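A.B. asks: What would the 3D arrangement of this be:
(2 chains)
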Amino acid sequence: MTPAFAENLTAPWPAAGAEIPPRDFGPFCQESLIRYAKASGDDNPLHLDPAAALAAGLPGTPVHGMLMFACFEPFMREWRPDIFITRLAGKFLRPVLAGELIRVTGRVIRSQAAPRPWLLLRLMARNQDNDLAIVAEAAALQKGPHSLG
Amino acid sequence: MTAASGQVERPSGREPESLPVLRLPPIEVRTAAEDVACFLAATPAPCGAGDFVPLTFPFRWMTLPEVRSFICEVIGPGFLPLHESQSFLYERPLRVDSAYVLAIEACRSANPPRLTVCMAVSSPEGEGCAKLEAVLRIIPAFGEGKA
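C.D. replies: Residues are numbered from 1 along each chain as shown, chains lettered A, B, ... in the order given. Got it, this is the predicted structure:
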């Protein structure tokens, strides 16, 4: 059991309005896009070939949307290691280019403490210019003796 | 493309406009430890998370050759998919080094043209584990076709 997990077993269940501390991910260099393309199978040349990106009207290769999307899980689980994320849904609004980082923020929209602790979260990922790149929503249950997670 | 039994429930709960739903035959996959490790190394992983399958890992099954060619066939030549939204719905976490079965279906909608791809992940015994939905905007390929 990690110290953070142990701490959150006794920490009060977050109330609606609670903020998750913002966290930066990246910068996502071209090598990280190549690595993600290999791991995910998403080898769309748009992400890997600057000429393809230019032809699509982008000044550089865009970071895979799903690579940025993958940041939400560590963001939530490092805030509350005691949760099982049951749902994560989001919309890709704006490309983030290779070499840039994203800032992820989150807020508790709804919270239920009983019978089983449950949270609904609003998540956002913004680019370096503070433009919204992804808006997402997640639902999570507190892990427990009867937890599926 | 052939029809598979069963219908994939959409995580978003939305039904695309009433165009034919196309289904792939079930696909057997595995959360091989080396694939999971490769995925974890390529994405930001939770600190001290240990041996686990990342929440977005099943997305890599959307890029399997048979799924990719299915999507390309539905979209048609001269057009490209642009990832517009994505959702994951979990009933239970996936386990490392375990076998799963995918049920995949896709439906096109118009105005604007979109393809919604739904994937249900089940255990070989038929126990539901997760559902994914990817909404792809269909755009003309560079210098080809017309919207």
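A.B. asks: Of all the helices and strands in chain A, which has the lowest average confidence?
C.D. replies: The helix or strand of chain A with the poorest confidence is helix A:3-10; it has a mean of 54 (mean pLDDT, DSSP states H and E).
A.B. asks: Name the surrounding residues that touch whichever helix or strand comes after it.
C.D. replies: Per DSSP states H and E, the first helix or strand lying C-terminal to helix A:3-10 is strand A:19-25. If you take Cβ atoms under 8 Å, 6 or more residues apart in numbering or on different chains as the criterion, strand A:19-25 is touched by A:68, A:71, A:75-76, A:78-79, A:101-108, A:121, B:44. C-beta here means a position set from N, CA and C on the backbone, and glycine is covered the same way.
A.B. asks: 6 Å instead, please
C.D. replies: Counting contacts by Cβ atoms under 6 Å, 6 or more residues apart in numbering or on different chains, the residues outside strand A:19-25 that touch it are A:71, A:75, A:79, A:101-107, B:44.
A.B. asks: Rank the residues you listed by pLDDT and give me only the lowest.
C.D. replies: In terms of pLDDT, residue B:44 ranks lowest among the contacts of strand A:19-25, with 91.
A.B. asks: okay, now that one: neighbour count?
C.D. replies: Per other Cβ atoms under 10 Å in any protein chain shown, the neighbour tally for residue B:44 reads 22.
A.B. asks: ok so, going back, mind putting the contacts of strand A:19-25 into a markdown table with distance to residue B:54?
C.D. replies: Shown next, in a markdown table, are the contacts of strand A:19-25 (distance: Cβ to Cβ, whole Å):
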| residue | distance to residue B:54 |
| --- | --- |
| A:71 | 11 |
| A:75 | 13 |
| A:79 | 17 |
| A:101 | 20 |
| A:102 | 17 |
| A:103 | 21 |
| A:104 | 16 |
| A:105 | 21 |
| A:106 | 18 |
| A:107 | 23 |
| B:44 | 10 |
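A.B. asks: In helices, which of those residues appear?
C.D. replies: Judged by DSSP state H, helices contain the following of those: A:75, A:79.
A.B. asks: Distance check, the closest residue to residue B:83 other than its chain neighbours against residue B:59.
C.D. replies: Once flanking residues are discounted, residue B:83 sits nearest to residue A:65: 5.0 Å by Cβ to Cβ, 6 or more residues apart in numbering or on different chains. To residue B:59, residue A:65 is 10 Å away according to Cβ to Cβ, to the nearest Å.
A.B. asks: try residue A:23
C.D. replies: 21 Å.
A.B. asks: Mind giving me the packing neighbours of the lowest-mean-pLDDT helix or strand in chain B?
C.D. replies: Scoring the helices and strands of chain B by mean pLDDT, DSSP H and E places strand B:21-23 at the bottom, with a mean of 89. Identification of packing neighbours for strand B:21-23 by 3 or more Cβ pairs under 6 Å, 6 or more residues apart in numbering or on different chains; DSSP states H and E yields strand B:99-109.
A.B. asks: could you say what helices and strands the helix or strand following the strand it packs on packs with?
C.D. replies: Scanning forward in sequence from strand B:99-109 by DSSP H and E, the next helix or strand is strand B:114-122. Contacts defined by 3+ Cβ pairs under 6 Å, 6+ apart place strand B:114-122 against strand B:99-109, strand B:128-140.
A.B. asks: So for chain A, which of these sits nearest?
C.D. replies: Comparing these against chain A with Cβ to the nearest Cβ, the closest turns out to be strand B:128-140 (8.0 Å).
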